[in-house]
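**Student:** this one's sequence-less:
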């Protein structure tokens, strides 16, 4: 059966599948990444940066799928075959020792801003900002207006009159708008290796899982700390972080009780006298002038 | 200020604040009582809610170090 | 609080704060004097700079709006 | 402040605050107990809601929930 | 604070907070467990509604200073 | 909180805060002393500057909302 | 939240927060460990300064102007 199929396959393809299989088997973490939108110079830059940590190989999608399926069969690992479902667009195989989360983070960090292309879906709200474009009056003014950007000539230059969101996240960017944004130097998309899926140790991780929300993590840490602090404090557990506050509470309690009962202690004598004086001053402020003495009037 | 303290003392002890009471307290403290001021004080306190007035007194928040 | 007011009354009148003086003032106000509280008060005030303490009192302007 | 702490300790432990109890606690701490102060404290606590008094104690810090 | 975290971990995971459980968690973390602290923690948590204890800001918010 | 009050009582009275001292004070108050809590407290207080903690408490502060 | 508590336990105990350490702590607590969450947590913590996060959480307090 296998020989029959091979008979129709060009030798270089067999060689390529063999290479891909070797690559897949060489590392514990196997990722499918998409590099379709990455311009060649930028791709080279990224490859240089990550060369030490990953092995990357572009190939035909059909060959990648075939390599994955064959390895899955050889290793009796059906999960690995599932990775083939994620192969699309300009797929490449990436293998590494890095954990999937670190890999994802590294690849995200190595993305760089690029102009949006016509027909592309806006990855975020795309906004133009008020201010001079630095461009002399010319047809560009009309182009701006034609895509709904309020513009005018100010001080001899084309200026955008107000901040405006020109396309919302998820909307398709028209070629005309894309050209205008490019001329304005707006680079709303980030290009780089786009993770499609990562396999490690029987688990497939997709980008929605791999994207760690650091803000949420930070908030969770703070909540956890607050919870711990509150629990320790409310149960008077003498953790070193909490003890100073327990001491303060005890002191404040004592001080409040001392003032409330007008029981003078050396720590609170001043407070109690000041309280009495404040009350006297407060009362005096409600009295007519002839009822109070010079001392207070000042 | 002693007139005010006399009034507060009486109020705090739950006594009525009359001219005689104020005079008695001040005299006991050895103060030379000024009748006019006593009258003015008692008159002035009419209609004043002492509880409210002193409740609103600014509390010393910081523990003043008493050396 | 009447014991404290008595002490401040005496202080304000330029008198010495002694147990007897406090008792006299409180009695004049019709207060049933608690000897222990008088002793504790006078003892507690020993070494306290009253002028400084009351100087820390918040000014009434800062208190509640005058109704 | 040790007298106040003794009272708070008793209160916190759900015990009655009596002169004897205060004295016992202070003595156990090695404090030379002043009878007058004990009496004055217990007298001063009469009618005072300790829970309320300490609830009003302004705390320097509050661990606020992280929104 | 690690003892408290151990307790919260157990609570959060729906497990009972026992001395053994706390010790197991701390040991797994490589902590040299202090029996007294474990006992103190578990004793202190008896009868405590943890949900409520963690929700309550540790200290009453400071009384807004009377400006 | 009674363990903390006991510690501050000792501190306020100028006594050393030892396990025995805490136990003596709590026992005198009629508290069923938990040895582990005493140990944990005394251990926890090592390295804590009580005076400094108290001094910070005396500062008037308001809880600011955590944004 | 137990994954976060496990991480903070390790942090508080001065231990390194590794996948193995988190797993060990959670397992000891009887938690059915989700490898992916452990990995996500450890990777995510690489970009977070726990000390700073805690310091910000612990300081919901701003010194309020006294006057």
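**Tutor:** Thanks, I have it. Predicted model only: the values in this text are computed from it and were never measured.
**Student:** which bits of chain A sit near chain D?
**Tutor:** Proximity of chain A to chain D (C-beta under 8 Å from any C-beta of the partner chain) is limited to residues A:219, A:222-223, A:226, A:229-230, A:233, A:245, A:248-258, A:260-263, A:265-268. Glycine gets a C-beta too; all of them are placed from N, C-alpha and C.
**Student:** for PyMOL, what selects the buried ones among the residues you listed?
**Tutor:** To isolate the buried members of the residues of chain A next to chain D in PyMOL, using 16 or more other C-beta atoms under 10 Å in any protein chain shown:
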select buried, chain A and resi 219+222+223+226+229+230+233+245+248+249+250+251+252+253+254+255+256+257+258+260+261+262+263+265+267+268
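**Student:** is the closest residue to residue A:122 other than its chain neighbours bridged to anything, and to what?
**Tutor:** In space, and not counting its chain neighbours, residue A:122 is closest to residue A:167: 4.8 Å by C-beta to C-beta, 6 or more residues apart in numbering or on different chains. In this entry, residue A:167 is beta-bridged to residue A:126, by DSSP bridges.
**Student:** neighbours of residue A:167, how many?
**Tutor:** For residue A:167, the neighbour count with other C-beta atoms under 10 Å in any protein chain shown is 22.
**Student:** over to residue A:290?
**Tutor:** Count around residue A:290 with other C-beta under 10 Å applied: 13.
**Student:** contacts only, for the closest residue to chain F within the stretch 51-200 of chain A.
**Tutor:** In the stretch 51-200 of chain A, the residue found nearest to chain F is residue A:125; the distance is 23.6 Å by C-beta to the nearest C-beta. Going by C-beta atoms under 8 Å, 6 or more residues apart in numbering or on different chains, residue A:125 touches A:165, A:167-169.
**Student:** any idea of the pLDDT on it?
**Tutor:** If you check residue A:125, the pLDDT there is 88.
**Student:** how about the residues of chain A near chain B?
**Tutor:** Selection of chain A residues close to chain B by C-beta under 8 Å from any C-beta yields A:255, A:266-271, A:274-276, A:278-288, A:290-293, A:295-296.
**Student:** now list the buried members of those.
**Tutor:** With neighbours counted by 16+ other C-beta under 10 Å, those contain buried members at A:255, A:267-271, A:274-276, A:278-287, A:291-293, A:296.
**Student:** and the residues you listed near chain F, which?
**Tutor:** With C-beta under 8 Å from any C-beta as the criterion, the members of these in contact with chain F are residue A:267.
**Student:** and the helices in chain A?
**Tutor:** A:2-7, A:11-26, A:40-50, A:61-74, A:78-82, A:100-109, A:139-146, A:175-183, A:207-210, A:214-234, A:243-260, A:269-284, A:294-297 (DSSP state H).
**Student:** average pLDDT for the second one?
**Tutor:** Helix A:11-26 shows an average pLDDT of 93 in the prediction.
**Student:** and the fourth one, by the same measure?
**Tutor:** Helix A:61-74 comes out with an average pLDDT of 94.
**Student:** now do that helix against helix A:11-26, angle only.
**Tutor:** Helix A:61-74 and helix A:11-26 are oriented at 50 degrees to each other (axes from the mean of the first three to the mean of the last three C-alpha atoms, to 10 degrees).
**Student:** same check on the longest one?
**Tutor:** Counting by the same axes, to 10 degrees, helix A:214-234 points 10 degrees away from the direction of helix A:11-26.
**Student:** now for helix A:214-234, which elements pack on it?
**Tutor:** helix A:243-260, helix E:2-12, helix E:50-55, helix G:2-12, helix G:35-45, helix G:50-58 (3 or more C-beta pairs under 8 Å, 6 or more residues apart in numbering or on different chains; DSSP states H and E).
**Student:** elements contacting the third one?
**Tutor:** With contacts defined as 3+ C-beta pairs under 8 Å, 6+ apart, the secondary structure elements packing on helix E:50-55 are helix A:214-234, helix E:2-12.
**Student:** also the second one?
**Tutor:** Contact analysis of helix E:2-12 by 3+ C-beta pairs under 8 Å, 6+ apart lists helix A:214-234, helix E:19-28, helix E:35-45, helix E:50-55, helix G:2-12 as its packing neighbours.
**Student:** just give me the residue closest to the centre of chain A.
**Tutor:** In chain A, the residue lying closest to the centroid (C-alpha atoms, centre = their mean) is residue A:213, at 6.0 Å.
**Student:** excluding its backbone neighbours, what's nearest it?
**Tutor:** Distances taken as C-beta to C-beta, 6+ apart put residue G:44 closest to residue A:213, at 7.8 Å, once the chain neighbours are dropped.
**Student:** least confident secondary structure element in the chain?
**Tutor:** All of this refers to chain A. Taking mean pLDDT, DSSP states H and E as the measure, chain A has helix A:2-7 as its least confident helix or strand, at a mean of 53.
**Student:** meant chain B, my bad for not saying
**Tutor:** Least confident helix or strand of chain B, by mean pLDDT, DSSP H and E, is helix B:50-55 with a mean of 86.
**Student:** picking that back up, could you export the helices and strands packed on helix E:2-12 as a markdown table, including distance to residue A:143?
**Tutor:** Shown next, in a markdown table, are the helices and strands packed on helix E:2-12 (distance: least, C-beta to C-beta, whole Å):
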| stretch | distance to residue A:143 |
| --- | --- |
| helix A:214-234 | 38 |
| helix E:19-28 | 65 |
| helix E:35-45 | 69 |
| helix E:50-55 | 58 |
| helix G:2-12 | 51 |
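**Student:** looking at the ones you listed, which is buried most?
**Tutor:** Greatest average neighbour count among the helices and strands packed on helix E:2-12 goes to helix G:2-12 (a mean of 26), per mean count of other C-beta atoms under 10 Å in any protein chain shown.
**Student:** for that helix, what is the average pLDDT?
**Tutor:** The average pLDDT within helix G:2-12 is 96.
**Student:** how far out from the middle of the chain is it?
**Tutor:** Here the centre of helix G:2-12 is set off from its chain's centre by 4 Å, with C-alpha atoms, centre = their mean, to the nearest Å.
**Student:** now stretch A:78-95: buried residues?
**Tutor:** Neighbour-count burial for stretch A:78-95 [16+ other C-beta under 10 Å]: A:80-81, A:83-84, A:86-87, A:91-95.
**Student:** now the end-to-end length of stretch A:45-56.
**Tutor:** 13 Å (C-alpha to C-alpha, to the nearest Å).
**Student:** right, I'll leave it there.
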